[in-house]
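> Any chance you can model this:
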Amino acid sequence: MPEGSLITLSDDSARSAQIEWCIDVFSHTDSSLVLKGWAFGPDTVDTIAVQLPHTRPGQRVTRLPSADVELAYGPDAANSRFLITVPGIAREDVLNVSLTFESNSGETLTVPAGELRANYLERDPLHRLFNFFFGMTRERGTKDLLEIGSRARSGNVYKELIGEGVKYTGLDIVSGPNVDIVGDAHQLSSLVRRNSVDAIFSISTFEHLSMPWKVAIEMNRVMRKGAIAFIQTHQTWAVHEAPWDYWRFSSYAWDSLFNAATGFRVVDAAMGEPAAIVPLLVSEASLGLQDQPAFLGSAVVVEKISRTRLKWPVDTASIARDSYPN
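Presented below is the predicted three-dimensional model:
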């Protein structure tokens, strides 16, 4: 996923009433595009093809065992799984790829690029949790919402997800687009009035916090009791924004930050966007590592249940190796 971005999904779908389809894998490595999924209908889906806006590139389609899909959907889904390999796809073309299905009765369904990607993301646990959080803010009638790390460096702004009548405040350590308060999240309670916030969210920021446990304490101080927060960061990602790239998180890590001692309970946590780690120097320990589970993102939804007495009186400037950040 692009650094700092998540996708909100609508309930609309390009699925045909006659052709059911699903994408499980959409990857691009060494200029080759790989798609795995399934497609079926009352009439056999004979043709599955990747298309770019003005061309149909050369590709290889392989049928895969489909017992799991047939078990779930019935005999129409027999022989429905497929693997498509398309060599020579440039990086800039990947997100413009569409997919066409054609049955032996002549029915054709073309799935546009945006819907193709959304088909995968709507089932991804990370993105489900993202949408779950914003659903909670609407259900609870959130009035004051704070974003930590709000600067729109990649053009990603989430204000459109916030209902009318909600006061949005964007905080970032650097001024810029979508920033209302410039300051360090480690000093949050000196920047935002205590017990004033109904909800907090933060996208791809916690990996850049030198002391995320201190920020958890600071979040507690500015949140009202019963307020909720959504934090998304990385489980696996390339080193970026160095030297301020400090941490990686699994879904199992969140209880260490958000617990009874810090005044929170974890509502739900997830890892999403499956990935493969490919070692460039293979050793006994790393051999076969690309076959082991990895995920690009990790996220949590938490609720404040009480005040915390914890303190962490350490100034960020005293431990940062360089200006924090530039």
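> what's the neighbour count on the residue lying closest to T44 once chain neighbours are set aside?
Leaving aside its sequence neighbours, T44 sits nearest to N104 (Cβ to Cβ, 6 or more residues apart in numbering; 4.9 Å). (C-beta placed from N, C-alpha, C; glycine too.) Per other Cβ atoms under 10 Å, the neighbour tally for N104 reads 11.
> Contacts only, for N104.
Counting by Cβ atoms under 8 Å, 6 or more residues apart in numbering, N104 touches 43-46.
> Verify the contact between L161 and F134 for me.
Yes - between L161 and F134 there is a contact under Cβ atoms under 8 Å: 4.9 Å.
> returning to what we had before: can you flag which of the contacts of N104 belong to strands?
Counted as lying in strands by DSSP state E, out of these, are 45-46.
> who wins for most neighbours among the contacts of N104?
Counting by other Cβ under 10 Å, top hit in the contacts of N104: V45 with 23 neighbours.
> what about the helices in the stretch 51-200 of the chain?
Assigned helices in the stretch 51-200 of the chain, in chain order: 67-73, 113-121, 125-139 (criterion: DSSP state H, counting those that start in this stretch).
> any weak-confidence spans in the stretch 51-200 of the chain?
Along the stretch 51-200 of the chain, segments meeting pLDDT under 70 span 154-155.
> Just give me the closest of the contacts of N104 to P177.
Top of the list for closeness to P177, among the contacts of N104 and by Cβ to Cβ, is V45 at 45.0 Å.
> Look up which residues are beta-bridged to the closest one.
In this entry, V45 is beta-bridged to S103, by DSSP bridges.
> thought it was touching S80?
Yes - between V45 and S80 there is a contact under Cβ under 8 Å: 7.2 Å.
> got any residues that touch both of the two?
Shared contacts of V45 and S80, defined by Cβ under 8 Å, 6+ apart, are found at A39.
> Now the helices of the stretch 51-200 of the chain in a markdown table, please, with extra columns for mean neighbour count and distance to A216.
Listed next are the helices of the stretch 51-200 of the chain as a markdown table, based on neighbours: other Cβ atoms under 10 Å; distance: least, Cβ to Cβ, whole Å:
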| stretch | mean neighbour count | distance to A216 |
| --- | --- | --- |
| helix 67-73 | 14 | 40 |
| helix 113-121 | 19 | 28 |
| helix 125-139 | 18 | 17 |
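> Contacts only, for the nearest residue to M211 once chain neighbours are set aside.
With Cβ to Cβ, 6+ apart as the criterion, M211 has its nearest non-adjacent residue at 6.1 Å, and that residue is H186. H186 is in contact with 209-211, 214-215, 218, 316, counting by Cβ under 8 Å, 6+ apart.
> Looking at these, which are in strands?
Reading strands off these, I find no matches (DSSP E).
> any idea which of the residues you listed is the one closest to F230?
Nearest to F230, judged by Cβ to Cβ, of the contacts of H186 is V215 at 14.0 Å.
> Am I right that the closest one is in contact with G149?
No - taking contacts as Cβ under 8 Å, V215 lies outside contact range of G149: 10.4 Å.
> hmm, back to that, and the furthest pair within the contacts of H186?
Taking Cβ to Cβ, the two most distant members of those are S210 and E218; they sit 13.1 Å apart.
> how close does the residue nearest to M211 get to I217?
As judged by Cβ to Cβ, to the nearest Å, H186 and I217 stand 9 Å apart.
> again with C22
43 Å.
> more crowded one of those two?
Higher neighbour count among C22 and I217: I217, with 21 against 16, using other Cβ under 10 Å.
> State the pLDDT value of the more buried one.
At I217, the model reports a pLDDT of 98.
> Enumerate every residue touching it.
262, 308, 310-312.
> Which one of those is nearest to I181?
Closest to I181 out of the contacts of I217 is W312 (21.0 Å), distances taken as Cβ to Cβ.
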